[in-house]
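In: show me how the following folds:
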Amino acid sequence: MTTRVERMLNMVPWVIERPGVTLDEVATAFGTSVDTVRSELTDLMYCGPRLGGGWEFQLEIVDDRVTVTAADELRRPLRLRPDEALRLVLVLTAAQRIVGDDLPGLASALAKVRDAAGLDESATVAVVDDDHHLSTLREAIRDGHVVELDYLGRKDDTAQRRRVEPWRLDLTPDGQYLQAHDLDRDGHRVFRLDRIATVTVTEDPVTTSAPDELPPPAWVPDDDAVRAVLDLAGPAHFLGDYVRADVDRTTDGVRHVELRTDALGWLAELVLAGGAAVTVVEPPGLRDLVTRRARAGLAAHDRHRRH
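Out: Prediction:
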């Protein structure tokens, strides 16, 4: 399933090649509603084509027809500043640690970026932490062996032994993950690599194949998780991309999100990040928690000002 961010990124070049296209045509092409297209194009007006910022998309919607006038900048070859090139080298290096030699094209791309940035082979990238068992897990996936993990889950006080059939390693902006079939729970589970204390590779073969389309890493709520409902006005639409929603729809410019969670504290921080643009529909406990934390923050701010 295409995510909102993926759709928005694909929408820009598609609209650029079709100046004056209607909102209805865009909605049909991307399999979504006119309200969603209008909302996402509005959000894009606050985005820029350069990695380091500098200016925003010149996007207009007149009589339900869309035009993007940043075409020339987007068609030119990407020119990276030194800090942007270094950031890209770091990201590619982290990705290479995940896939190893399984994706030769990645090593070639990294070499080209290093060359363009003037980083020769003598310029190395030092990783301050260990590899979180990356090499061991890669070999287990390659050889098709069951692994046993000592894993500290979100609600665990101590690491628990988990016996899993490893499927795939993933790199995301917020961490590295293992996707696997959990033999004890008989289902697909996602494990953060930095929460894995130990990995033991067994001789037992993997018998459960990964689905043809394995979704990106995402937390799967337990049966006793709390149901939460949020209404996100325009400036807070982006917050919906930080949760795994059971319901996600946009009507009259408001993004309605329903999800289940066992981390109300984390969700409260997300709500506070959206400020007045977020309405907590339910549960009442989340509203109360947001109110208490907001008041505590204001009190701390007042104390700081007095001193």
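
In: how about the strands in this structure?
Out: Assigned by DSSP state E, the chain shows strands spanning 21-22, 59-62, 65-68, 145-151, 160-172, 175-182, 187-192, 196-205, 226-232, 247-251, 254-261, 278-282.

In: format those as a markdown table; extra columns: distance to Arg293.
Out: To be clear about C-beta, it is placed using only N, CA and C from the backbone, and glycine gets the same treatment. Conversion of the strands of the chain to a markdown table gives the following (distance: least, C-beta to C-beta, whole Å):
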| stretch | distance to Arg293 |
| --- | --- |
| strand 21-22 | 44 |
| strand 59-62 | 36 |
| strand 65-68 | 40 |
| strand 145-151 | 29 |
| strand 160-172 | 27 |
| strand 175-182 | 25 |
| strand 187-192 | 25 |
| strand 196-205 | 31 |
| strand 226-232 | 15 |
| strand 247-251 | 25 |
| strand 254-261 | 16 |
| strand 278-282 | 12 |
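
In: among the ones you listed, which comes closest to Leu110?
Out: For Leu110, the closest of the strands of the chain is strand 160-172, at 13.6 Å, according to C-beta to C-beta.

In: kindly format the C-alpha coordinates of that closest one as CSV.
Out: C-alpha atoms of strand 160-172 as CSV (Å, rounded to 0.1, in the frame of the first residue of the first chain):
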residue,chain,number,x,y,z
GLN,A,160,12.8,-12.3,27.1
ARG,A,161,13.8,-15.3,25.0
ARG,A,162,12.1,-15.3,21.6
ARG,A,163,12.5,-18.0,19.0
VAL,A,164,12.0,-16.6,15.5
GLU,A,165,12.4,-17.4,11.8
PRO,A,166,14.2,-14.3,10.4
TRP,A,167,12.9,-12.9,7.1
ARG,A,168,14.4,-9.5,6.4
LEU,A,169,16.5,-6.6,7.9
ASP,A,170,15.2,-3.1,7.4
LEU,A,171,16.8,0.4,7.9
THR,A,172,14.4,3.2,8.7
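
In: find the nearest non-adjacent residue to Val26, please.
Out: Val37 (4.8 Å; C-beta to C-beta, 6 or more residues apart in numbering).

In: same thing with Val229?
Out: Among residues not flanking Val229 along the chain, Val281 sits closest, at 3.9 Å (C-beta to C-beta, 6+ apart).

In: my read: the one you found touches Leu232, true?
Out: No - applying C-beta atoms under 8 Å as the test, Val281 and Leu232 come out as separate, 10.8 Å apart.

In: who has more neighbours out of these two?
Out: More neighbours surround Leu232 than the other of Val281 and Leu232, with 22 against 14 (other C-beta atoms under 10 Å).

In: can you verify my assumption that that one contacts Gly240?
Out: Yes - when contacts are counted by C-beta under 8 Å, Leu232 is listed as touching Gly240 (5.7 Å).

In: common neighbours of those two, please.
Out: Both Leu232 and Gly240 are in contact with 255, 257, where contact means C-beta atoms under 8 Å, 6 or more residues apart in numbering.

In: no more questions from me, cheers.
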